[in-house]
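K.L.:
Model the structure of this input:
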Amino acid sequence: MNIKLQRKEFLSTKNALKNEWMRKQLNIEIKTVEGSRYIDNVIKRKIKEYSLSSQKRRKFLMYCIRAHLENDYLLVKDLIKLIGISRAGAETMIKECEEANWIRIERCDKNRRKIQATDITVETYADYCDWLWEIINKSEMRNLSASINEIEKLERSF
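P.N.:
You can find the predicted model right below:
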């Protein structure tokens, strides 16, 4: 078979697989932003709703959760830089989340504060990850990725 023709067929197949992967990924992201996951626990439902209410709130909680998972805390000034918000915006989120017991604050020297997520916030994210894993697993995106990788390996051999 002509090498030019094989390359064209590989490219066509790879593009079809990538389009299918993109379609499945888009469906997953739509389910995520629509908040289609039902949660019985009222506290966890409120955390979910809060995190989906704005991109900055979502980032705020994710950074706090990561700090908790890494057995660390984030300084408020670092959170402001990471999220790209004003101090006033950060203070609003801190106040809302502390009052709801979704974050833990440690006060350190020079009146600085360090923040991390509480256990319930981390549990809520773990539940979300379980839900997301199930959707991704059922979508068989892993098989599409493996097929794309194998085609790319074959393309390099030509």
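K.L.:
From now on I want contacts and neighbour counts done on CA atoms only, so please keep to that.
P.N.:
Will do.
K.L.:
Check residue 155 and give its pLDDT.
P.N.:
pLDDT, residue 155: 81.
K.L.:
For the helix or strand containing it, name the packing helices and strands.
P.N.:
Here residue 155, judged by DSSP states H and E, is contained in helix 141-157. Identification of packing neighbours for helix 141-157 by 3 or more CA pairs under 8 Å, 6 or more residues apart in numbering; DSSP states H and E yields helix 3-34.
K.L.:
Go through the helix it packs on and flag the buried ones.
P.N.:
By 16 or more other CA atoms under 10 Å, the buried positions in helix 3-34 come out as 7, 10-11, 14, 17-18, 21, 24, 28.
K.L.:
again, but for stretch 147-158
P.N.:
147-148, 151.
K.L.:
same thing with stretch 61-72?
P.N.:
Neighbour count says stretch 61-72 has 61-68 buried, by 16+ other CA under 10 Å.
K.L.:
Over to stretch 133-152?
P.N.:
For stretch 133-152, by 16+ other CA under 10 Å, it's 135, 139, 141, 144, 147-148, 151.
K.L.:
got the contact list for stretch 105-113?
P.N.:
Identification of contacts with stretch 105-113 by CA atoms under 8 Å, 6 or more residues apart in numbering yields 75-76, 98, 114-116.
K.L.:
and if we set it to 7 Å?
P.N.:
With CA atoms under 7 Å, 6 or more residues apart in numbering as the test, stretch 105-113 has contacts from 75-76, 114-116.
K.L.:
Kindly report the same for stretch 27-46.
P.N.:
So stretch 27-46 is contacted by 52, 124 (CA under 7 Å, 6+ apart).
K.L.:
at 6 Å what do you get?
P.N.:
Residues from elsewhere that reach stretch 27-46 (CA atoms under 6 Å, 6 or more residues apart in numbering): residue 124.
K.L.:
Check stretch 62-82 too.
P.N.:
Contacts for stretch 62-82 (CA under 6 Å, 6+ apart): 113-117, 122.
K.L.:
Please render the buried residues of helix 3-34 as JSON lines that adds pLDDT to the earlier fields.
P.N.:
Converted to JSON lines, those look like this (pLDDT from 0 to 100):
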{"residue": "7", "pLDDT": "79"}
{"residue": "10", "pLDDT": "83"}
{"residue": "11", "pLDDT": "87"}
{"residue": "14", "pLDDT": "92"}
{"residue": "17", "pLDDT": "95"}
{"residue": "18", "pLDDT": "95"}
{"residue": "21", "pLDDT": "95"}
{"residue": "24", "pLDDT": "94"}
{"residue": "28", "pLDDT": "91"}
